[in-house]
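Chemist: no sequence for this one, just the structure:
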């Protein structure tokens, strides 16, 4: 099969100014809830893009763990590749792609760490194996084999038993949006695309972009 011949006609829905919410967070919440209720596989998965000091972008999949008027939250190892990049350049982009609904949400903004209290609360809500894993994995570092992870997990499991504390190198980030884009696939590649841009007074300007 020629990969250039792979095509799909997007015809499931539309996105109009009159039917969209004036607040992008409310629009995001509406679409996220529809993705969850529609049983889209992993509706909470999002691509996180960061840029390092070498100006080369990198992406990876993370999971949204919270959102409100302050921004979008996820958790990770602060010493990971993305953590190091965010430490040097606290700007990032997120993207949700709900394939079955023919929808994409793009979010850009500045990133900050969440409070220690927020990170502690979420960490202690995780399954025990995940809490031990946060200690066992030197994320993004070169290791000799999987045996390193298994050995570390056994070591920290024996050390902390059922009560591992949150590692000091692990916690949450919050992206504070200043730009949202909502994309709804449409027939003939004439897709709907709405952009929300943060204004100086804290409000949002909504504009339609050509696809």
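Modeler: The structure has been received and is ready for your questions. Everything numeric here is computed off the predicted structure, so don't read it as measured data. Numbering: from 1, shown residues only.

Chemist: Distance check, the residue nearest in space to the middle of the chain against residue 104.
Modeler: Centroid-nearest residue in the chain: residue 46, 3.9 Å away (criterion: CA atoms, centre = their mean). Using CB to CB, to the nearest Å, one obtains 11 Å as the distance from residue 46 to residue 104. All C-beta atoms are positioned from the backbone trio N, CA, C, and that covers glycine.

Chemist: Which neighbours do the two have in common?
Modeler: Common neighbours of residue 46 and residue 104, counting by CB atoms under 8 Å, 6 or more residues apart in numbering, are 95, 96.

Chemist: Could I get the buried residue list for stretch 114-124?
Modeler: Under the neighbour-count criterion of 16 or more other CB atoms under 10 Å, stretch 114-124 has 114, 118, 119, 122, 123 buried.

Chemist: Tell me the one of those residues nearest residue 176?
Modeler: residue 114 (11.3 Å; CB to CB).

Chemist: what residues are up against the closest one?
Modeler: Counted by CB under 8 Å, 6+ apart, residue 114 has contacts 73, 171, 172, 173, 174.

Chemist: Then residue 171?
Modeler: Residue 171 sits next to 75, 78, 113, 114, 116, 119, 123 when contact means CB under 8 Å, 6+ apart.

Chemist: do the same with residue 139
Modeler: Neighbouring residues of residue 139 by CB under 8 Å, 6+ apart: 76, 77, 79, 80, 81.

Chemist: Which one (most neighbours) among those?
Modeler: residue 76 (22 neighbours; other CB atoms under 10 Å).

Chemist: mind checking how far that one is from residue 189?
Modeler: Using CB to CB, one obtains 36 Å as the distance from residue 76 to residue 189.

Chemist: This protein: strands as residue ranges?
Modeler: Using DSSP state E, the strands of the chain run over 45-51, 57-63, 66-68, 71-77, 91-98, 103-113, 170-184, 192-198, 204-208.
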